[in-house]
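Colleague: I'd like to go over a predicted model; first the sequence, then the structure.
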Amino acid sequence: TVGAYPITAADGDYGNYTIDFLDGSYEVQQRPITIRVEDHESSYGGAVDGGILTPVEGKDYTVISTYQIVPGDDLGLQLSTEASEAKPVGLYPISAQITQAQTAKNYEITFAGGSWSGDAQHGTYHIERAALSIAFQTQGEIPISYQDTFTNPLRFTNVSAGAAVSDAEAAKMQADGKVHYASSDPTVATVSADGTVSIHNSPASVTISAWVEQSDNFEPAEAVSYTLHISTSSGIRVDFSQQTLTYTGDPQPLLSAPTVSPANAELVYWLEGGTPSTDIPTGEQAQSYVVYYRATAENYDPYENHIT
């Protein structure tokens, strides 16, 4: 332990001399160490790097001086940051605090080399843009009637966090002009800024595409598409409203009740490898499901598709 310790010797007769000793002093000085707080990073919407929330290890800080921390000593170095999974993309300071004051008394501690602007005691936490994927609610080949209006909502997924993008975040990307749609043949069908398709010509086929450019918190999303097959007579139309489920531990219907045209069309559903049934399939575990369905009606061609 840091401090002054006496150096003593026994007084007495030593040969031809009687010797009285004056005490000396042995001083244990503080051990000088210099600590650099290392930078951390995570993606938008994801959990903060674990090194900030748990007892730190060597990867979270570096002793950059000649002298190191004595093996077995714990300075109780704790890191904290303003960054969180709810914070937008940007740079945030990482603060360091010594919590084991008794052990720290034995050290002369200097913080240096931290990357945070103007403050050597702080590192930098970088929240980076998250990877984004998009998917149309209904995919593949879709029949539709002439002069009909068709909507096929996009679903947004934060790939880095493994979670759906909130409605508010998706709406902001839409409002900021980051979401784009295109028609392969505007003489057949046009698509508006919100993805609504208007049919102008038939019989014909047209491909509708969507993509998302880089936004404040997300990297660009690769383009996705579906193909409309437009007939001059009405085909069977099956529309599902978007269904977002949260795990409860109990079976839940995987689809909402559809709107079907004509109304007398009969629907059957099944999961991969399952048997078709008129009952909407249920799911219990938190995972992605692919629900297949087929609609049939007298005087109409059967319509078959799937929803993820």
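Modeller: Great, that's in hand. Everything numeric in this text was worked out from a predicted model, so none of it was measured.

Colleague: Now stretch 301-308: buried residues?
Modeller: Tyr303, Asn305, His306, Ile307 (16 or more other CB atoms under 10 Å). Backbone N, C-alpha and C define where each C-beta goes, glycine included.

Colleague: Look up how far Ala297 lies from the first one.
Modeller: Right, Tyr303. Distance, Tyr303 to Ala297, using CB to CB, to the nearest Å: 9 Å.

Colleague: list the residues that contact both of the two?
Modeller: Residues touching both Tyr303 and Ala297 (CB atoms under 8 Å, 6 or more residues apart in numbering) are Ile236.

Colleague: If we only consider the buried residues of stretch 301-308, which is nearest to Thr18?
Modeller: Of all these, Ile307 has the smallest distance to Thr18: 105.0 Å, by CB to CB.

Colleague: wait, the closest one sits on Leu255?
Modeller: Yes - counting by CB atoms under 8 Å, Leu255 is a contact partner of Ile307 at 6.6 Å.

Colleague: which residues are in contact with both of the two?
Modeller: In contact with both Ile307 and Leu255: Phe240, Val291, Tyr293, using CB under 8 Å, 6+ apart.

Colleague: So which of the buried residues of stretch 301-308 sit within strands?
Modeller: Members of those lying in strands (criterion: DSSP state E): Tyr303, Asn305, His306, Ile307.

Colleague: Which residues are in contact with the third one?
Modeller: His306 is in contact with Gln139, Gly140, Val290, Val291, Tyr292, Tyr293, counting by CB under 8 Å, 6+ apart.

Colleague: List only buried entries from the residues you listed.
Modeller: Buried members of those, scored by 16+ other CB under 10 Å, are Gln139, Val291, Tyr292, Tyr293.

Colleague: Was I right to think the first one contacts Val290?
Modeller: Put plainly, it is Gln139. No - using CB under 8 Å as the test, Gln139 is too far from Val290 to be in contact (10.0 Å).

Colleague: Pull up the overlap in contacts between these two.
Modeller: By CB under 8 Å, 6+ apart, Gln139 and Val290 have these common neighbours: His306, Ile307, Thr308.

Colleague: Now that we're looking at the first one, what pLDDT does it have?
Modeller: This points to His306. On the pLDDT scale, His306 is placed at 90.

Colleague: Check Glu57 too.
Modeller: For Glu57, the pLDDT comes out at 75.

Colleague: go on, Ser234?
Modeller: Looking at Ser234, the pLDDT reads 60.

Colleague: just the shared contacts of Ile307 and Leu255 now: which is nearest Pro251?
Modeller: Proximity of the shared contacts of Ile307 and Leu255 to Pro251 (CB to CB) peaks at Val291, which lies at 13.8 Å.

Colleague: any chance of the buried residues of stretch 301-308 in TSV, with distance to Glu266 too?
Modeller: As requested, those are exported to TSV (distance: CB to CB, whole Å):
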residue	distance to Glu266
Tyr303	11
Asn305	15
His306	17
Ile307	18
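
Colleague: for those, which one is nearest Val159?
Modeller: The closest of those, once distances to Val159 are taken by CB to CB, is Ile307, at 20.0 Å.

Colleague: Identify the bridge partners of the closest one.
Modeller: Each beta-bridge partner of Ile307 is listed here: Thr138, Val291, as defined by DSSP bridges.

Colleague: so who does it touch?
Modeller: By CB under 8 Å, 6+ apart, the contact set of Ile307 is Gln137, Thr138, Gln139, Phe240, Leu255, Val290, Val291, Tyr293.

Colleague: so the second one touches Ser225, yeah?
Modeller: No - no contact is recorded between Thr138 and Ser225 when judged using CB under 8 Å, the distance being 11.9 Å.

Colleague: report the longest strand in this protein, please.
Modeller: Longest strand of the chain, by residue count under DSSP E: strand 221-231.

Colleague: What is the distance between the following helix or strand past that strand and the centre of its chain?
Modeller: Per DSSP states H and E, the first helix or strand lying C-terminal to strand 221-231 is strand 237-239. With CA atoms, centre = their mean, to the nearest Å as the basis, strand 237-239 stands 33 Å off its chain's centre.

Colleague: which outside residues touch the helix or strand that strand 237-239 is followed by?
Modeller: Downstream of strand 237-239, the first helix or strand assigned by DSSP H and E is strand 252-253. With contact meaning CB under 8 Å, 6+ apart, strand 252-253 is reached by Gln243, Leu245, Ile280, Pro281, Thr282, Gly283, Glu284.
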